[in-house]
Each structure stands twice: as structure tokens, then as C-alpha cells.
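Colleague: just the structure for this:
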Amino acid sequence: MRVLVIIPAYNESESLPGLVDELRQKCPGHDVLVVDDCSTDGTAHCRMGKDVAVLRLPVNLGIGGAVQTGYRYAHEGGYDVAVQVDGDGQHDPGYVGTLVDGVIGGGSDICIGSRFLSEGGFRSTASRRVGIRILSALIRLTTGMRVKDPTSGFRACGRRAIELFASHYPTDYPEPETLVTARRFGMAVTEVPVRMRVRMGGKSSIAGMDSALYMVKVSIAIALAAISKKPASGRRDKSREGQPVWIRPCR
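Modeller: Residues are numbered from 1 along each chain as shown. Down below sits the predicted model:
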């Protein structure tokens, strides 16, 4: 089984080198891809070694664009499993194997690392936990699927999910919406308990009034994803067969 660890990173120079070193120690044998979303700090100059692939986007695409770039890379590279790991260090690489096992051994298309299935670890603020419960209820209402931690970006995807997300992926704060889309394609989604950590550096993209805006946008996106016409397929554009994901300097 070929496993790719995808790290979307925007201004994560404080945490990225340590995270990559930890992945080397805890996940030997897995390939690592860093997608630098046109960072404005020193992320582009972090030394990560020749064994780590780095794609630097020419413009800032946001989390959705950065993650989809990783899935395109995984799809075109023929990987069996792709694991998302945030660049801020909140996701413990020690759980990567558990997520991969959920896909390979558990028969899931998507296996989510949930902070709410075990005691301990960082769980965010009380207001965000309330928001997560609301999103969980909305996903259950629209799909019948029970997910305790729909906003978790710590997840593993099998071949079917990789193919789907390489072609169809939301732009802003996509984690909950992708679950609705995957469900509409008949994919199996499961959760396993993990412990999250406090971010090693940088700052969250959701703060203050942005949290309220996030809830509104994601709630609308979930509702639209549930009722919208199903995309024709999750296949890539065959006219681009064999072409690599772009690698250009950020100006």
C-alpha cells in the first residue's frame, strides 16, 4: 500500500519543520507532500529534506485549493491512501497508522480522526464545540450519517475518495461539506478516536466574528451539497492525462 501524507500549509514556518521530523519518526515508509499555499512568512524556506515533496502554489487558493492540490497529486501518483495532516502541529502523526488502518482494514472510504470519541487532548473552545454539534446535527438531518467531529481535517481517504476529491472539492472550510458529498457518492465514512494538540505556532483562520461567518457559510454549503445535482463523475479530465500538478514560484 502506498500512503501519501498531505500537509496543507499557509504561514506555518514555526511548526512545519518539527511536524515533518515527527512524521519521519512515527510514519516511516509513508511519502510526505507539503502544499505551500503561497505563504508570506518563511514557510517556503523551511528545510524539510529531499525526501519531502513540496508544491508551492502561485497564488493563495485557501485551504480547499491547497488540499485539492494534494489529492490531485495523490491521484496522479497512484497512491492507495492519502492522509490529511494540518501544518499547525495539532494533529499527532502517531495516529496516522490508525487512520490508514480504518481505510485499509476497516473498509472505509474516509476515516476521520475525532477528538470527541476519547477523553483528554485539545478540544477547542466551548463556543466552537457547540458549533460542531450543530454541524453534526445538520449532517445527520441531510444524510442520516452520524459524525461526531465533522470539522476535523485529520482524515485518511482511500482510492475512491481520492479520485472524487481530486475533481470535486469545496473552497472554504471544506471538511463538513466533503462528508456530505462523499455520502451522496455512496462512500463509507467512519471515525476513530484521536487526541488533538494545541497548535505549535501561527494563528487559526477562524477567530472572533469569523466563527459566526464560518457557521453560516458551512451550514448553507451543507444544505446545498445535500440537494444539489450530483456531479457527473469523480473522474479527472482525461485531456490532462499524465500532466503533473503545477509547480511555480509564488511572486
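Colleague: backbone dihedrals for E191, please?
Modeller: Per-residue torsions, E191: phi -130, psi 150 (degrees, to the nearest 10).
Colleague: correct me, but it touches S118?
Modeller: No. Taking contacts as Cβ atoms under 8 Å, E191 lies outside contact range of S118: 10.6 Å. C-beta coordinates here come from the backbone N, C-alpha and C atoms, glycine included.
Colleague: contact partners for the residue lying closest to D86 once chain neighbours are set aside?
Modeller: Using Cβ to Cβ, 6 or more residues apart in numbering and skipping residues adjacent in sequence, the residue nearest D86 is G153, 5.4 Å away. By Cβ atoms under 8 Å, 6 or more residues apart in numbering, the residues touching G153 are 63, 67, 84, 86, 91, 175.
Colleague: okay, now the unreliable bits of the stretch 151-251 of the chain?
Modeller: 199-209, 211, 214, 227-251 (pLDDT under 70).
Colleague: run through the helices of it in chain order.
Modeller: 159-167, 175-184, 210-227 (DSSP state H, counting those that start in this stretch).
Colleague: the second one to helix 210-227, inter-axis angle?
Modeller: On the basis of axes from the mean of the first three to the mean of the last three Cα atoms, to 10 degrees, helix 175-184 is oriented at 10 degrees to helix 210-227.
Colleague: what is helix 175-184 packed up against?
Modeller: strand 110-114, helix 126-143, helix 159-167, strand 189-193, helix 210-227 (3 or more Cβ pairs under 8 Å, 6 or more residues apart in numbering; DSSP states H and E).
Colleague: tell me which of these sits most buried.
Modeller: Mean neighbour count (mean count of other Cβ atoms under 10 Å) peaks for strand 110-114 among the helices and strands packed on helix 175-184, with a mean of 26.
Colleague: ok, residues contacting that strand?
Modeller: Residues outside strand 110-114 that contact it (Cβ under 8 Å, 6+ apart) are 91, 95, 98-100, 102-103, 147-150, 152, 154-158, 161, 179, 182, 187-194.
Colleague: that strand pairs with which strands, and in what direction?
Modeller: strand 155-157 (antiparallel), strand 189-193 (parallel) (DSSP bridges).
Colleague: restricted to buried residues, select the contacts of strand 110-114 in PyMOL.
Modeller: Selection of the buried residues among those in PyMOL, burial being defined by 16 or more other Cβ atoms under 10 Å:
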select buried, resi 91+95+99+100+102+103+147+149+150+152+154+155+156+157+158+161+179+182+187+188+189+190+191+192+193+194
